[in-house]
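**Q** Okay, here's the prediction I keep looking at, along with the sequence it came from:
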Amino acid sequence: MATLKDIQLKIVGVKKTQKITKAMNMVAASKLRGAQEKAEAFRPYANKFAEVLGSLSDRIDADEEHAPPLLVPRAEVKTIDLLLMTSDRGLCGGFNTNLIIKAEKFMKEKAEQGVDVRLICMGRKGRDYFRRKKYNIQSEHIGIVGGKFGFNVAVNAGQELIDAFLNGETDEARVIFSEFVSMSRQVPTLSQIVPIVGVEKAEQAQEAEYIAEHICEPPAEELMAEMLPKQVYVQIFRGLLETSTSEHAARMAAMDNATTNCGEMITSLSLIYNKARQAAITADLMDIVGGAEALKG
Amino acid sequence: MAGNIMLEVVTPDKAIVSEEVQIVVAPGEYGEFGVLIGHTSFLTTLKTGMLRYKDKGGSERAVFVSGGFAEVLPNKVTVLAESADRRRDIDVERARAAMKRAEQRLSEARAKEDIDSRRAEAALQRAIARMKISERRTA
């Protein structure tokens, strides 16, 4: 049996761990707030952008032959760029594992169909995992998710994807990011970003009225060509924001669990400690009583 | 003056301007254009440069915009830009450093028409525009 001293040391150790996990929980909570605010600040831009793009695409569909290349799906898909977003740091539960599993499953599926998948890793955890497994990593961006990043990060990554697509190096680009559903639910999500899908048509409400009167300068087609890459950036940026928010939420939950578990461990250790102490006292008493009895003769 | 027009300048990071103004002058792709209330609605891309407006009190203000486009409605101008700074928020030192960096990259990568030189070129333009705008204040 462990001695009293051993148990006491262990309790002290667990208490220290609990302090750390509690602190990490609070740090994650405040970072989460920051990430949410950032996502909030992005919303007006994203909404307006979607509105304008939607109204533009309404007018362009008239002549499909001249559709911008970024909108046209390739008949045969041989190579796909996969942009995988994970966090740089661990201690956030199954957050990164879920994302990686999603990516690996997707790559396996595509490999069976004879499609090449080139990985672009945003975040250290995903990169390290696939590097260990000797996958083909096209490029990597570390130090973005979960920290402070600007729109230019999304622009650079987007440009990379678009250039590869337009050069004919790749036929598609997809992104895996963690969608922030709620504090307790973050869902790894796969979505296609090049060629662009899901440009929503402007709603046929009264809004469509004034939009129809828009004069476009340059003409609508050129304007569209100008705006489409931005749509890719916007999607990547949204993915980054969501992934960052999810990371902090996941870490908060993980650290909350850890703190609770530490508490439980301390309770049960204290119990053992008290029992051992009691046993020691009883043994001492027996000794004394035994000694006294012996003296009496 | 028939009235004021609403001006909104929005970037992915935050809303830079949201107020009623007398007049907006923006650097359109096909040249600078001015907007007063009651303008025909139109849509245009913007060059990297200076967007000027007169606020309600009549004082002139300048905002740096880059990589954006503007939607003009009779009572509202919305500018969506990848980056934008009010004049007082421009960091001149940073712009100057960015300019040096971009120039150096350009001279290294001359002739090559690749992503890097395109990026450097854009960065150079942004830096120059920022510096120009902030110089107006001192002038």
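**A** Noted; the coordinates are in hand. Numbering: from 1, shown residues only, chains lettered A, B, ... in the order given.
**Q** for chain B, longest strand please?
**A** Using DSSP state E, we find that the single longest strand of chain B is strand B:15-28.
**Q** so where do the helices sit in chain B?
**A** With DSSP state H applied, chain B shows helices at B:92-108, B:115-138, listed in chain order.
**Q** Of all these, which one comes closest to residue A:196?
**A** When the helices of chain B are compared for distance to residue A:196 using C-beta to C-beta, the nearest one is helix B:115-138, at 20.0 Å. From N, CA and C alone the C-beta is placed, and that goes for glycine too.
**Q** Pull the CA coordinates from that closest one and hand them back as PDB.
**A** As requested, C-alpha coordinates have been extracted for helix B:115-138 and formatted as PDB (Å, rounded to 0.1, in the frame of the first residue of the first chain):
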ATOM      1  CA  ILE B 115       2.300  34.900 -58.200                       C
ATOM      2  CA  ASP B 116       5.000  36.500 -56.100                       C
ATOM      3  CA  SER B 117       5.600  39.400 -58.400                       C
ATOM      4  CA  ARG B 118       1.900  39.900 -58.800                       C
ATOM      5  CA  ARG B 119       1.600  40.000 -55.100                       C
ATOM      6  CA  ALA B 120       4.500  42.300 -54.700                       C
ATOM      7  CA  GLU B 121       3.100  44.600 -57.300                       C
ATOM      8  CA  ALA B 122      -0.200  44.800 -55.500                       C
ATOM      9  CA  ALA B 123       1.500  45.300 -52.200                       C
ATOM     10  CA  LEU B 124       3.500  48.200 -53.700                       C
ATOM     11  CA  GLN B 125       0.400  49.800 -55.000                       C
ATOM     12  CA  ARG B 126      -1.300  49.600 -51.600                       C
ATOM     13  CA  ALA B 127       1.700  51.000 -49.800                       C
ATOM     14  CA  ILE B 128       2.000  53.900 -52.200                       C
ATOM     15  CA  ALA B 129      -1.700  54.700 -51.900                       C
ATOM     16  CA  ARG B 130      -1.600  54.600 -48.100                       C
ATOM     17  CA  MET B 131       1.300  57.000 -48.000                       C
ATOM     18  CA  LYS B 132      -0.200  59.400 -50.400                       C
ATOM     19  CA  ILE B 133      -3.400  59.600 -48.300                       C
ATOM     20  CA  SER B 134      -1.600  60.100 -45.100                       C
ATOM     21  CA  GLU B 135       0.600  62.800 -46.700                       C
ATOM     22  CA  ARG B 136      -2.600  64.800 -47.500                       C
ATOM     23  CA  ARG B 137      -3.100  65.400 -43.800                       C
ATOM     24  CA  THR B 138       0.300  67.100 -43.300                       C
END
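**Q** Report the contact partners of residue A:31.
**A** For residue A:31, the contacting residues are A:146, A:248, by C-beta atoms under 8 Å, 6 or more residues apart in numbering or on different chains.
**Q** what about it, distance to chain B?
**A** Separation of residue A:31 from chain B (C-beta to the nearest C-beta, to the nearest Å) stands at 17 Å.
**Q** so which helix or strand takes in that residue?
**A** Remark: residue A:31 resides in helix A:4-60, with elements defined by DSSP states H and E.
**Q** what residues go with each domain of chain B?
**A** Using automatic domain parsing, the domain ranges for chain B come out as B:5-87, B:91-138.
**Q** any chance of these in a markdown table, with mean neighbour count too?
**A** Supplementary listing: the domains of chain B in a markdown table, determined by neighbours: other C-beta atoms under 10 Å in any protein chain shown:
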| stretch | mean neighbour count |
| --- | --- |
| domain B:5-87 | 19 |
| domain B:91-138 | 15 |
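**Q** which stretch among the ones you listed comes nearest chain A?
**A** domain B:5-87 (3.8 Å; C-beta to the nearest C-beta).
**Q** quick one: average confidence on that closest one?
**A** Within the predicted structure, the mean pLDDT of domain B:5-87 is 90.
**Q** Return the distance of that domain from the chain's centre.
**A** Here domain B:5-87 is found 8 Å from its chain centre; the criterion is C-alpha atoms, centre = their mean, to the nearest Å.
**Q** what does the stretch 101-250 of chain A put close to chain B?
**A** Applying C-beta under 8 Å from any C-beta of the partner chain, we find that the stretch 101-250 of chain A lies next to chain B at A:150-152, A:154-156, A:159-160, A:163, A:210-211, A:213-218, A:223, A:226-227, A:230, A:233-234, A:237.
**Q** Report the spatially nearest residue to the closest residue to chain B within the stretch 51-200 of chain A, omitting neighbours in sequence.
**A** As assessed by C-beta to the nearest C-beta, chain B sits closest to residue A:151 within the stretch 51-200 of chain A, at 4.2 Å. Residue nearest to residue A:151 in three dimensions, not counting chain neighbours: residue B:12, with 4.2 Å by C-beta to C-beta, 6 or more residues apart in numbering or on different chains.
**Q** Do me a favour and get the backbone dihedrals for that neighbour.
**A** Main-chain torsions, residue B:12, degrees, to the nearest 10: phi -60, psi -20.
**Q** now residue A:115
**A** Here is the backbone geometry of residue A:115 (degrees, to the nearest 10): phi -100, psi 130.
**Q** what do you get for the one 3 residues further on?
**A** Torsion angles at residue A:118 (phi, psi; degrees, to the nearest 10) stand at phi -100, psi 130.
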